[in-house]
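Trainee: 3D, please:
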Amino acid sequence: QRLAFDDFIFFFSSRRRHTRCSGVSWARRCVQETGINAEYMGKIKIMSHKSTLRVLSQVLVGTMGSFIFGYGMGVFNTVQDIVAKQLDWPEDKKNFNVGLVTSTVALGAAFGAYLGGIVVSKFGRRLTMIMADVITIVAVFPTLVSNLGSILVGRILLGFAIGINSSVVPLYIREVSPNALSGTSGSCHQLLISLGILLSLVLGYGLPTKDDADFGTSNWWKIMFAIPLIPSAIRILGLMFIFTNDTPQYLSQIGKIGEAEAALSDIYHYEEVNIQMEQLKQERQRSSGEITLGTLFGPRYRKALFIGITLSWIQQFSGINAVVFYSTKIFQGSFDPKAVISAETMKTVGIFNALFGIINAVSAFAAALVVDKAGRKAILMIGNLLCFVFLGALAYLVYAQNFTVSRYFVLLYDFAFGISLGPIVWLYISEILPAQGIAVAVFFNWIFTLIVGLGFPIISDPKVLDAYGGFLLFAVCCILGEVFITFVVKETQGKTLVEAQNLYNDAQGDEEDTQAPFLKAN
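Mentor: Model prediction:
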């Protein structure tokens, strides 16, 4: 067996450089001609890229936008009481104003996501991210003014930038990542979202409580609103001075073939660059002409677009952003603005908020480790089913007013979502759709977020259904999602970007890839 392996290495290394065949093709032929045992060969991973560290560093710079995404979504959760106090919101308008400030981010993000799809096709992934960072920097300053109208303007602008990021970052990650790292690097989008949420919740733990003397005067919440300035500056510097090339796919699409080859040379070994250039050429010929809304609803993309929008619905109506937006109220056990919450309870809430953020980040990291081994569909099915179980239990516990135990089920639900629906939906959408299709799917994702953000506090009002009704509704949505994932969604694990985007292509058919796992291109 060892001699057969040596024959394989010699045959592969000496013959492949004389051909345009991919490493996958030569690996298959080498197995046939050297007689190496296929089971033994399955342990060998043919790496086509130069440096995993470089790829992940580039991904990390891009996901600074994901960090802003998570931080911007979570930051108002912990500061809402102190902002309401300092801005003198009447008790009967407090819930409405909180919902308004929370949801304006989602409203701005919906438009940012859609327009981001247009901008990213015109100006490229790199410049679009820089533009999003400039908007983020501008958005910070109105939120530092103690005025509801000014805060709303800043939150809408921040949401617009977040929407652009939510469209372009998954696309950027997928296009700079070799196939062998696509799952791991794709999960980094959700990981940085989770870290942003975590930081917002941890910083909120330092806010004064209602019993503190400086509750009505502390400016700590303004410092929290200013944090997005830091990741925005980091990404601008990283894209301007370190990762100065746009993605190979974009450069190829606009006819900059030399620059596309240079961008590929940063990622792949020499012989793999030619292979990738040939694939880009074929894709450019197939996709000649601008992709419009009409094209997206045509036979090539309409099924994939439907899948992307539906997965976005499943992700949001599993209820995650209801918890991200209102975890403080959920852990308190009351949405009644007149409820009196003790200082001891608020300390407990602060601890559980921090635990929520930590678990969200840990689960996203766990997803990054297993996604390329377990597959996208299996993780979605298992994670979504767990979300249903924990949400059902949570609804019962809240109905029984057992808030001590219900807090732990919020954390269990958080883990189930964070390892499945959180990262995998973003990854899957970026694999099956082009830039314009991602923008449409993400636009609907934000519309669903807006509905959840506005609707959950209304449903959770004791005069309506209380919080258990919202959790029960989310559990039902998870069951519907499980049926959809099981019978409609296809696996993309191990497929190239071109193969994944043709999975739902009515114009070409959807023939399954039957290659052995060790012969997949890396």
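Trainee: quick one: contacts for the closest residue to D466 other than its chain neighbours?
Mentor: Take D466 and drop its neighbours on the chain: the residue closest to it by Cβ to Cβ, 6 or more residues apart in numbering is S460, 6.2 Å away. Quick note: C-beta positions are derived from backbone N, CA and C, even for glycine. Contacts of S460 were listed using Cβ atoms under 8 Å, 6 or more residues apart in numbering, and they are Y326, K329, F335, D466, A467, G469, G470.
Trainee: which element is the second one on?
Mentor: Pointing back at K329 there. In this structure, K329 sits in helix 320-332 according to DSSP states H and E.
Trainee: which neighbouring elements make contact with that helix?
Mentor: When contacts are defined as 3 or more Cβ pairs under 8 Å, 6 or more residues apart in numbering; DSSP states H and E, helix 320-332 packs onto helix 64-86, helix 343-374, helix 403-418, helix 435-459, helix 467-487.
Trainee: out of those, flag the one nearest Q276.
Mentor: For Q276, the closest of the helices and strands packed on helix 320-332 is helix 435-459, at 18.5 Å, according to Cβ to Cβ.
Trainee: elements contacting the closest one?
Mentor: Short answer (3+ Cβ pairs under 8 Å, 6+ apart): helix 435-459 packs on helix 91-123, helix 148-176, helix 293-296, helix 302-316, helix 320-332, helix 421-432, helix 467-487.
Trainee: centre of the chain to that helix, how far?
Mentor: Distance of helix 435-459 from its chain centroid, counting by Cα atoms, centre = their mean, to the nearest Å, is 13 Å.
Trainee: same question for stretch 244-251.
Mentor: Using Cα atoms, centre = their mean, the offset of stretch 244-251 from its chain centre is 21 Å.
Trainee: what about that stretch, how long is it end to end?
Mentor: Using Cα to Cα, to the nearest Å, the end-to-end distance of stretch 244-251 comes out at 12 Å.
Trainee: contacts for it, please.
Mentor: 124-127, 171-172, 175-176, 257, 259-264, 266-267, 276, 280, 283, 497.
Trainee: could you do stretch 400-418 as well?
Mentor: Contacts of stretch 400-418 from elsewhere in the structure, counted by Cβ under 8 Å, 6+ apart, are 190, 194, 318-320, 323, 327, 330-331, 333, 352, 355-356, 359-364, 366-367, 383, 386-387, 390-391, 393-394, 397-398.
Trainee: please repeat the previous calculation with a cut-off of 6 Å.
Mentor: The set of residues external to stretch 400-418 that reach it, using Cβ atoms under 6 Å, 6 or more residues apart in numbering, is 320, 331, 333, 352, 355-356, 359-360, 363-364, 383, 386-387, 390-391, 393-394, 397-398.
Trainee: put the alpha carbons of it into CSV.
Mentor: Once side chains and other backbone atoms are set aside, the C-alpha atoms of stretch 400-418 remain, and they are given as CSV (Å, rounded to 0.1, in the frame of the first residue of the first chain):
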residue,chain,number,x,y,z
ALA,A,400,-46.5,28.4,33.5
GLN,A,401,-44.5,31.5,34.6
ASN,A,402,-41.5,29.4,35.4
PHE,A,403,-39.0,32.0,34.4
THR,A,404,-36.1,30.5,36.3
VAL,A,405,-36.0,27.4,34.1
SER,A,406,-37.2,29.2,31.0
ARG,A,407,-34.0,31.2,30.9
TYR,A,408,-32.0,28.0,30.4
PHE,A,409,-34.2,26.9,27.5
VAL,A,410,-33.5,30.3,25.8
LEU,A,411,-29.8,29.4,26.0
LEU,A,412,-30.5,25.9,24.6
TYR,A,413,-32.5,27.4,21.7
ASP,A,414,-29.7,29.9,21.2
PHE,A,415,-27.2,27.0,20.7
ALA,A,416,-29.4,25.1,18.4
PHE,A,417,-30.0,28.1,16.2
GLY,A,418,-26.3,29.2,16.3
